[in-house]
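[1] I'll drop the sequence and a predicted model, then ask my questions.
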Amino acid sequence: MNSFEWLSDDEQLFWQSMVAAFREVERNIERSLRTRTGLTFADFTLLIALHEVEDGILHVDKICDRLKWNHPRALLHTNRLEKRGFIHTEDHGEDPDSDYVVVLTGVGRHVFAEAAPDYVDTVRQEVISPLADEDREVMLRCFQSVLERK
């Protein structure tokens, strides 16, 4: 027998619904991004992170912290974006797979500017518009509670 208590029916429904909702939203955002730019949702979140800092430059550790990624995932996406000329990497330290700086290029800024309006429209359509302000406030508190738990 198992030495743990499985999720109750209500807990399981909540968990599966949350995961399904996030996957559905991510899939729809990615479909929209791929159609317009060929970017994945993860690629675009990296461009967002770089766009949100004034100089468009972040150390890979900061990217990993912000996006909740590990170094191999960051390396995968930085390599893909670098091959397309959207970013470049520099200041490689002792471990070039986990110690480098990512710089948003002019091409990357252009692609971001082209993709951002459609991305925002899709987020509004998929997540913001279907929810009342009060529901978003409650959900925000819930998400913050989960993220702040350590």
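    Structure received.

[2] check contacts around the most centrally placed residue in the chain.
    In the chain, the centroid-proximal residue (C-alpha atoms, centre = their mean) is residue 45; its distance is 4.1 Å. Each residue near residue 45 by C-beta atoms under 8 Å, 6 or more residues apart in numbering is listed here: residue 67. From N, CA and C alone the C-beta is placed, and that goes for glycine too.

[3] tell me which element it falls in.
    Residue 45 is part of helix 41-51, with elements assigned from DSSP states H and E.

[4] Give the pairing partners of whichever helix or strand comes after that helix; include direction for each.
    Per DSSP H and E, the first helix or strand lying C-terminal to helix 41-51 is strand 57-59. Strands that pair with strand 57-59, judged by DSSP bridges, come out as strand 101-104 (antiparallel).

[5] Are there helices or strands packed against the helix or strand that the partner strand is followed by, and which ones?
    Per DSSP H and E, the first helix or strand lying C-terminal to strand 101-104 is helix 106-123. Using 3 or more C-beta pairs under 8 Å, 6 or more residues apart in numbering; DSSP states H and E, the elements in contact with helix 106-123 are helix 9-37, helix 41-51.

[6] Could you rerun that using 6 Å?
    For helix 106-123, the packing partners by 3 or more C-beta pairs under 6 Å, 6 or more residues apart in numbering; DSSP states H and E come out as helix 9-37.

[7] pLDDT on the helix it packs on, on average?
    For helix 9-37, the mean per-residue pLDDT is 94.

[8] Over to stretch 53-63?
    95.

[9] Show me what it is in contact with.
    Residues outside stretch 53-63 that contact it (C-beta atoms under 6 Å, 6 or more residues apart in numbering): 49, 50, 74, 100, 101, 102, 103, 104.

[10] Now that stretch: buried residues?
    Buried residues in stretch 53-63, counted by 16 or more other C-beta atoms under 10 Å: 56, 58, 60, 63.

[11] Straight-line length of that stretch, end to end?
    11 Å (C-alpha to C-alpha, to the nearest Å).

[12] What of stretch 84-103?
    End-to-end distance (C-alpha to C-alpha), stretch 84-103: 13 Å.

[13] Distance from it to the middle of the chain?
    In terms of C-alpha atoms, centre = their mean, to the nearest Å, the gap separating the centre of stretch 84-103 from the centre of its chain is 19 Å.

[14] Three-state assignment for residue 88, please.
    Under the three-state scheme (DSSP: H, G, I helix; E, B strand; the rest coil), residue 88 adopts strand.
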